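Colleague: Structure of the sequence below:
(one chain, ligands or ions: 1)
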Amino acid sequence: MVHEELYQSFEDKNKTAETGGGAERIQKQHESGKMTARERIEMLLDKGTFVELDKFMAHHCSNFGMDKSHIAGDGIVSGYGRIDGRQVFAYAYDFTVYGGTLGAVNARKIVKVQQLALKNGAPIIALNDSGGARIQEGVESLSGYASIFYQNTIASGVIPQISAILGPCAGGACYSPALTDFIFMANKNSYMFVTGPDVVKTVTHEEVDKEELGGAYTHSSKSGVAHFVCNSEEEVLMSIRELLSFLPSNNMEDTPIIPYSDDTNRDLPELQEIVPSDPNVPYDMKDIIEPVLDDHYFYEIMSHFARNAITGFGRLGGKAVGIVANQPTFLAGVLDIDSSDKIARFIRFCDCFNIPIITFEDVPGFLPGTVQEHNGIIRHGAKIIYAYSEATVPKITLITRKAYGGAYIVMSSKETGGDINFAYPTAEIAVMGAEGAVNILYRQVDDETKKKAVDEYRKNFANPYKSAELGYIDEIILPKYTRIKLIQALEMAKNKIKSNPPKKHGNIPL
Ligand code: HXC
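Modeller: So this is what the prediction gives:
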């Protein structure tokens, strides 16, 4: 064969490129409980669909002896493939190559797939495992990050962008994930911090380990930076696949309709008694959400953060919906700074990607106190109003019990654009709870008079009928018909056309 030698050399080069930093470093990667970049991509995508790009790109840095080492691919494995048969783009940092650090050349590889994903309207997934900016490349590395962040920002709201943290993610490396829509972390070996424990100690004299500073628990429950924490890398990758099943490929598409067998006329007699008659007794809102959804299946997002609010995806009649809810079992479902941020960001994601929003409401109001006020509950709470008001997707609201005060307004009220607003007969829609109201109206009276006033207030205000009389509630429904009613409302609103006045962009309170 004329070209035998050439072809053999090509095969050899390919093999070398595929071993990244070499067998020893791969072994070290495995010993630390991590997969390699290629193994991760193979597991993420449908079998045999990965097409790699720029396999032979290499750095041209000569500082600190870098000219003596050129590794094909330069520590990034990038390209495209399929998930459940749908086109996606993906890239993975290869920690075996210079610690997965970012330089000028591998940044260009990342930007190339980011641009391809945007141009072709397909989601992009980044698998992070990196020591951050490659010190030897100086400002060229910083420039690389800046280009990636720019692409993240431009693609925001056009294609879904998903990040997994599967190792260190330090310094500049944190900000690309932070600009994407969802961050997954594996609960071992994954860390995100702007500066590591050593720098923290030098600057603030604070002693903290990696896990406490920026591990999966910290970011999924305290900072709210991560949306999902999984027990293993495999679970992260499988969960990303599942998340994509709820999403359209880009902002011009509708969500995929999955074949379903769950009866759209299914009654839920078990919901009839779910709301306790005593308004101070909590119940788990997920006991309403789950049975309502197709196959009782709810894909929760940020389940460990701001647990007084619930966000996530499910399907009704095969069509993906975004669920926003208050959670009476946690802080009585009150709205505070963290839950406001959680809810507002989720609403905006759903609106970007044409996902109808269903709101389950039982909220006593905003959390009072100096901590909340001084940290800006006004500014944060305003995000929910803004997000619901600007969202043009179908919005359906169900008030199960309390809808008091400002919280009534913000949780997808009729006036902020709710398309269909339902209430159970157990709903209480008022400016505030009975005791609070009577204490203000009757400051000086005796206990007996106060008790009478509380009873009168409950009778007049702690129900949905006044709101229904005024048209703020479209329909009062029995809990057992919740699934049927929500599906009917979704079907009614499926061709909704609504747009806001043209503008460069709004100015959401941040
Ligand atoms: C160049 C680096 C590097 C870096 C790691 N390496 N970080 N090379 N630049 N930033 C190299 C190491 O020298 C080593 O090379 C290999 O990667 C593996 O690193 P180890 O330290 O042996 O691994 P490990 O013990 O697992 O620790 C991993 C680590 C640690 C936690 C990531 O390396 C680390 O703390 N690195 C620095 C992290 C950091 O501060 N990054 C921020 C950069 S500044 P050899 O050849 O020995 O295998 C930044 C600013 C950008 O990112 C701002 C933009 C907004």
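Colleague: Run through the stretch 151-300 of the chain and note the low-pLDDT ranges.
Modeller: Within the stretch 151-300 of the chain, no stretch has pLDDT under 70.
Colleague: Around the ligand, which positions in it sit nearby?
Modeller: Taking Cβ under 6 Å from any ligand atom as the contact definition, the stretch 151-300 of the chain meets the ligand at 168, 170-173, 175, 196. Placement of C-beta: from N, CA and C, glycine included.
Colleague: Restricted to buried residues, select these in ChimeraX.
Modeller: ChimeraX command restricting these to the buried ones, with burial defined by 16 or more other Cβ atoms under 10 Å:
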select :168,170,171,172,173,175,196
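Colleague: Mind putting the residues of the stretch 151-300 of the chain next to the ligand into JSON lines with secondary structure and distance to residue 475?
Modeller: Shown next, in JSON lines, are these (DSSP: H, G, I helix; E, B strand; the rest coil; distance: Cβ to Cβ, whole Å):
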{"residue": "168", "secondary structure": "strand", "distance to residue 475": "53"}
{"residue": "170", "secondary structure": "strand", "distance to residue 475": "53"}
{"residue": "171", "secondary structure": "helix", "distance to residue 475": "53"}
{"residue": "172", "secondary structure": "helix", "distance to residue 475": "52"}
{"residue": "173", "secondary structure": "helix", "distance to residue 475": "50"}
{"residue": "175", "secondary structure": "helix", "distance to residue 475": "46"}
{"residue": "196", "secondary structure": "coil", "distance to residue 475": "55"}
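Colleague: name the element residue 396 belongs to?
Modeller: Element membership of residue 396, judged by DSSP states H and E, is strand 395-404.
Colleague: that older thread, what's the farthest-apart pair in the residues of the stretch 151-300 of the chain next to the ligand?
Modeller: Farthest pair in those (Cβ to Cβ) is 175 and 196. Separation: 15.4 Å.
Colleague: which parts of the helix or strand containing residue 236 are buried?
Modeller: Assigned by DSSP H and E, residue 236 belongs to helix 233-245. Of the residues in helix 233-245, 233, 236-237, 239-241, 243-245 count as buried by neighbour count, 16+ other Cβ under 10 Å.
Colleague: How about stretch 436-452?
Modeller: The neighbour-count check on stretch 436-452 (16+ other Cβ under 10 Å) flags 436-438, 450 as buried.
Colleague: Also stretch 417-432?
Modeller: Within stretch 417-432, the residues that count as buried by 16+ other Cβ under 10 Å are 417-424, 426-430, 432.
Colleague: before we move on, the earlier item: quick one: list the elements packing against the strand holding residue 396.
Modeller: Packed against strand 395-404 by the contact rule (3 or more Cβ pairs under 8 Å, 6 or more residues apart in numbering; DSSP states H and E) you find strand 357-363, strand 420-423, strand 428-430, helix 482-492.
Colleague: give me the number of residues near the residue nearest to residue 104 when sequence neighbours are not counted?
Modeller: What sits nearest to residue 104 in space, not counting adjacent residues and going by Cβ to Cβ, 6 or more residues apart in numbering, is residue 140, at 3.9 Å. Residue 140 has 19 neighbouring residues, counting by other Cβ atoms under 10 Å.
Colleague: For the residue positioned nearest the centre of the chain, give me its contacts.
Modeller: The chain has residue 182 as the residue nearest its centroid, 4.5 Å off, counting by Cα atoms, centre = their mean. Taking Cβ atoms under 8 Å, 6 or more residues apart in numbering, we find residue 182 in contact with 160, 162-163, 227-228, 243, 301.
Colleague: just residue 290 next, same as before
Modeller: Taking Cβ under 8 Å, 6+ apart, we find residue 290 in contact with 296-298.
Colleague: go again using 10 Å as the cut-off
Modeller: Under the criterion of Cβ atoms under 10 Å, 6 or more residues apart in numbering, the contact list for residue 290 reads 284, 296-298, 300, 314, 323.
Colleague: same thing with residue 115?
Modeller: For residue 115, the contact set (Cβ under 10 Å, 6+ apart) comprises 89, 124, 151, 154-155.
Colleague: Repeat the analysis, applying 8 Å as the threshold.
Modeller: residue 151.
Colleague: what secondary structure does it sit in?
Modeller: Under DSSP: H, G, I helix; E, B strand; the rest coil, residue 115 falls in the helix class.
Colleague: Apart from its neighbours in sequence, what residue is nearest residue 438?
Modeller: Nearest to residue 438 is residue 453, by Cβ to Cβ, 6+ apart, at 4.5 Å.
Colleague: isn't the one you found right up against residue 436?
Modeller: No: here residue 453 lies out of contact with residue 436, judged by Cβ atoms under 8 Å, at a distance of 11.8 Å.
Colleague: which bits of the chain sit near the ligand?
Modeller: For the chain, the contact set with the ligand under Cβ under 6 Å from any ligand atom comprises 98-99, 101, 131-135, 142, 145, 168, 170-173, 175, 196.
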